[in-house]
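missing the sequence, but the structure's below:
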């Protein structure tokens, strides 16, 4: 597209409008879709290159319009986990094409981040994936720390690991709850929320909030653990194994559950890798890829745990992986209890973290640092960095660019749910609409993470 | 803009010979380190070839595609051979065996904000590329469905650009009644 200077002078607005309204996001009727696009959509939004996902011979290009129907699932549908909208082309009850339409929760958090200081950034990112807020805070803080080239004290790193693993438990337990509900097992809903409450109560004791904690901050964590934190964590570790066994009784060995989930929404290893799928969905296809084990951060290389993988890549595998990942997390939490070192919970660097409250009363220097930190923030040397950690949903990455000021020049979060949704059309193809609900649920998307 | 254009080849073949100390290259792109992370600087013309070479090398997954608008800060750390442009495309690739990451940074000029799409190599780049188009206004040639993904389809402008001010633009709603 070439524009002469004269062109752009005529009407910048109209040129802009022409350039940015690229057309509809919705799923078009078969007759209105060109064959190349149809080939792709049959395999999914799927968008695998031609021929990889579907045999071109399978595709009906001239299907009579009155035999199929395009319907909306969502955005206001309880099974869509928030505001996910799916357009489905159905032939009777069989799903032919699917297109996820996202953006209903988009609030421009990446843009907001450019206007918040690094000290404030945590409050922003923690609201993205609202079921695993500690992960967002942690990946942002780790990116800032890498730009600053500072090392966080040992105790802070172990506290972070403790909170992250407990957060994985609470997130996966909520998955069990919603997955059960979506498949019609309403009792799972109640049990799942009850279990999650145990963990959230501990979070509230430590951070003051049940969600959106802003607890993990650049330089360490906001506060030390309360004195009797070991008892609380031990309580959680003692209660959970029994409760998970109840889930096993309720679902894992139950005929109805297995029939609804086995062989449904299958995705292969090659497809998952091609579509940038990470986390439990990727592991369900048999790829043992877990950043905690393969690219260790914090002290994950010093704790023992197994990476759980599936073999079929169906809804049941994804359920089984998550319930077993809770068990592995409990195993990690036990090791953290043994290894938690004494020491500082945040770096003692007056340029990055505020001085202790008691110092402010007696030291002019400390008062100045405190004032400077909360009015101007701290400056981060220019550079760019990408940091990724394993969130309950997959690879959560933070790309951070600093221009040497106290606010990020650019912050981008790679949300695992956003990429994982690309697998939906592929998993749905040829399935029943009742299975569609099970499949959405098995990806465990958090729309705050998708739309950011 | 075909990636296998001959002039592009000639340029990339020339540059290493000019320097006395040969700059480090990986898959045909110049290498720098940013806080210990490997960053490749491909030109727009050789971008697709570089990614193709990396894929063959074992980078099985394209984890992320994003972009930065350097409108306010045109100077940044780049190899001498690479001229800074307003936009920078950032692609993160991951290899599982051995476990390693690589990041590509591609300069994209303001006058012609287009780049080749990675869709044919990594279908998983479909949604992230749509996001970059939507929020930053970089077009991807060869992308199958380059429509907005996060903003409404009739939105004007690209919000993550630095000249798109915050708070000054009224929220646009589809078919909203005119204000009285």
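Yep, that arrived. Small disclaimer: the values here were computed from a predicted structure and weren't measured. Numbering: from 1, shown residues only, chains lettered A, B, ... in the order given.

and whichever residue of chain A sits closest to chain B, how many residues sit next to it?
Using Cβ to the nearest Cβ, the closest approach of chain A to chain B is made by residue A:276 at 2.8 Å. Glycine gets a C-beta too; all of them are placed from N, C-alpha and C. By other Cβ atoms under 10 Å in any protein chain shown, 30 other residues sit near residue A:276.

so it is in which element?
Using DSSP states H and E, residue A:276 maps to neither a helix nor a strand.

Is it correct that it is in contact with residue B:124?
Yes: Residue A:276 is in contact with residue B:124 according to Cβ atoms under 8 Å; the separation is 2.8 Å.

Please list all residues in contact with residue B:88.
B:67, B:68, B:70, B:105, B:106, B:107, B:108 (Cβ atoms under 8 Å, 6 or more residues apart in numbering or on different chains).

Kindly indicate the member of the residues you listed with the most neighbours.
Counting neighbours by other Cβ under 10 Å, residue B:67 comes out on top of those with 30 neighbours.

secondary structure class for that residue?
At residue B:67 the chain is in strand, as set by DSSP: H, G, I helix; E, B strand; the rest coil.

residues touching it, list them.
With contact set as Cβ under 8 Å, 6+ apart, residue B:67 has these partners: B:87, B:88, B:89, B:90, B:108, B:132, B:136, B:138, B:160.

Below-threshold pLDDT in the stretch 1-150 of chain A: ranges please.
Within the stretch 1-150 of chain A, the segments meeting pLDDT under 70 span A:1-24, A:31-32, A:34-66.

quick one: the helices in the stretch 51-200 of chain A?
Using DSSP state H, counting those that start in this stretch, the helices of the stretch 51-200 of chain A run over A:109-113, A:118-125, A:133-148, A:154-182, A:186-207.

Show me which of those has the highest average neighbour count.
helix A:133-148 (a mean of 26; mean count of other Cβ atoms under 10 Å in any protein chain shown).

relative to helix A:186-207, how tilted is that one?
Taking axes from the mean of the first three to the mean of the last three Cα atoms, to 10 degrees, helix A:133-148 and helix A:186-207 form an angle of 40 degrees between their directions.

burial of residue 82, as a residue count?
Picked chain A for this. Burial of residue A:82, expressed as a neighbour count using other Cβ under 10 Å, amounts to 21.

Chain B, not that one
Residues within reach of residue B:82, counting by other Cβ under 10 Å, total 17.

again, but for residue B:131
27.

List the contacts of it.
Counting by Cβ under 8 Å, 6+ apart, residue B:131 has contacts A:418, B:65, B:66, B:149, B:150.

Report the contact partners of the nearest residue in space to the second one that is not next to it in sequence.
Looking back up the chat, that one is residue B:65. Among residues not flanking residue B:65 along the chain, residue B:128 sits closest, at 3.9 Å (Cβ to Cβ, 6 or more residues apart in numbering or on different chains). Applying Cβ under 8 Å, 6+ apart, we find residue B:128 in contact with A:276, A:418, A:419, B:64, B:65, B:66.

Model confidence for residue B:128, exactly?
pLDDT, residue B:128: 92.

How about the one 3 residues further on?
Model confidence at residue B:131, given as pLDDT, is 92.

For it, pull up the helix or strand it's in.
Following DSSP H and E, one finds residue B:131 within helix B:126-136.

Tabulate the contacts of residue B:128 (CSV), appending distance to residue A:179 and pLDDT.
Formatted as CSV, the entries for those read as follows, by distance: Cβ to Cβ, whole Å; pLDDT from 0 to 100:
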residue, distance to residue A:179, pLDDT
A:276, 23, 90
A:418, 20, 91
A:419, 20, 91
B:64, 27, 92
B:65, 30, 93
B:66, 31, 93
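
Quick check: of the residues you listed, which has the highest neighbour count?
Neighbour counts for the contacts of residue B:128, by other Cβ under 10 Å, peak at residue A:276, which reaches 30 neighbours.

so who does the closest residue to residue A:132 other than its chain neighbours touch?
Once flanking residues are discounted, residue A:132 sits nearest to residue A:171: 4.7 Å by Cβ to Cβ, 6+ apart. Neighbour list for residue A:171: A:131, A:132, A:392, A:393 [criterion: Cβ under 8 Å, 6+ apart].

Return the nearest residue of chain B with respect to chain A.
Residue of chain B nearest chain A, by Cβ to the nearest Cβ: residue B:124 (2.8 Å).

Around that residue, count how many other residues there are.
When neighbours are counted by other Cβ under 10 Å, residue B:124 registers 29.

Who are the contact partners of it?
Going by Cβ under 8 Å, 6+ apart, residue B:124 touches A:274, A:275, A:276, A:277, A:419, A:422, B:61, B:62.

For the chain, just list every one of the strands.
In the absence of a named chain, chain A is used. Ranges of strands within chain A are A:69-73, A:85-91, A:94-101, A:216-217, A:220-221, A:383-391, A:394-402, A:410-414, based on DSSP state E.

Switch to chain B, please.
Counting by DSSP E, the strands of chain B are B:25-26, B:29-34, B:37-42, B:61-69, B:87-95, B:100-108, B:114-116, B:139-141.

what angle do the third one and strand B:29-34 make?
Think strand B:37-42. Using the same axes, to 10 degrees, strand B:37-42 lies at 150 degrees relative to strand B:29-34.

can you pull the buried residues of strand B:37-42?
Neighbour counts over strand B:37-42 (16 or more other Cβ atoms under 10 Å in any protein chain shown) mark B:37, B:39, B:40, B:41, B:42 as buried.

ok, now how distant is the second one from residue B:30?
For residue B:39, the distance to residue B:30 (Cβ to Cβ, to the nearest Å) stands at 9 Å.

Right, I'll call it a day here.
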